[in-house]
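# fold the following, please.
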Amino acid sequence: MSNIVYFDLETQLTANDVGGWNHKSEMKMSLGVTYSTASAKYEIFSEKRVADLITLLTKADLVVGYNVRRFDYEVLMGYTILDLPHHIPTLDLLEVVEQSAGHRLSLDSVATATLGIGKTGDGLDAIRWWREGKIMEIAEYCCFDVKVTKLVHEFAKTHGVLYFVDRFARRQALKISL
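Now for the predicted structure:
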């Protein structure tokens, strides 16, 4: 049985705080969340447990995330010498969607049009919660993002399609091959 690990993280700092998007490794993880198909459990990782998170990801048969290569792994590389995007077998759903649509689409856009459920916040909310010491809010938000990512992945695998709403408010289909 293979172990698919769904993954998302939130940061302590914004891109502006660290001098721009080229410095993601300095944004510091506030919380990371995984869902493992092997254990059928969610796990929440604080910054103190970032090494455990990286170990879990490197042992997965496949890590599934949304913008995980260009964001989450880049943040984690502030904590490891591993070149995570090239070291971990990864399915980045944003890359799949971008290849099919010809442009980037948000997880919220895809999830809302495909599943009828949207995200419960955004990354800036999570940073504000971090600054306010509201760790449970970050954990709930990040867990929900992992669940939405898992549901979008399963839908795409089962149906070979995902949906989004275009700028004219029309629901559009994207053929997806995973």
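# below-threshold pLDDT in the protein: ranges please.
For the chain, the stretches flagged by pLDDT under 70 are 1.
# repeat the analysis, applying 80 as the threshold.
Filtered on pLDDT under 80, the chain yields the residue ranges 1, 118-123.
# what ranges do the helices span in it?
Counting by DSSP state H, residue ranges of the helices within the chain are 50-59, 73-76, 84-87, 93-101, 107-115, 123-131, 135-159.
# columns distance to residue 66 and mean neighbour count on top of those, output as TSV?
All C-beta spots, glycine's among them, are computed from the backbone N, C-alpha and C. Formatted as TSV, the helices of the chain follow (distance: least, CB to CB, whole Å; neighbours: other CB atoms under 10 Å):
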stretch	distance to residue 66	mean neighbour count
helix 50-59	15	17
helix 73-76	12	24
helix 84-87	14	15
helix 93-101	5	18
helix 107-115	4	20
helix 123-131	12	17
helix 135-159	5	19
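# just send these back as CSV, with distance to residue 14 too.
As requested, those are exported to CSV (distance: least, CB to CB, whole Å):
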stretch, distance to residue 14
helix 50-59, 19
helix 73-76, 12
helix 84-87, 21
helix 93-101, 20
helix 107-115, 19
helix 123-131, 6
helix 135-159, 14
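# out of those helices, which comes closest to residue 23?
helix 73-76 (9.2 Å; CB to CB).
# packing partners for the closest one?
Here helix 73-76 touches strand 4-11, strand 29-36, helix 50-59, helix 84-87, going by 3 or more CB pairs under 8 Å, 6 or more residues apart in numbering; DSSP states H and E.
# format those as TSV; extra columns: distance to residue 129.
Output for those, formatted as TSV (distance: least, CB to CB, whole Å):
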stretch	distance to residue 129
strand 4-11	8
strand 29-36	8
helix 50-59	19
helix 84-87	25
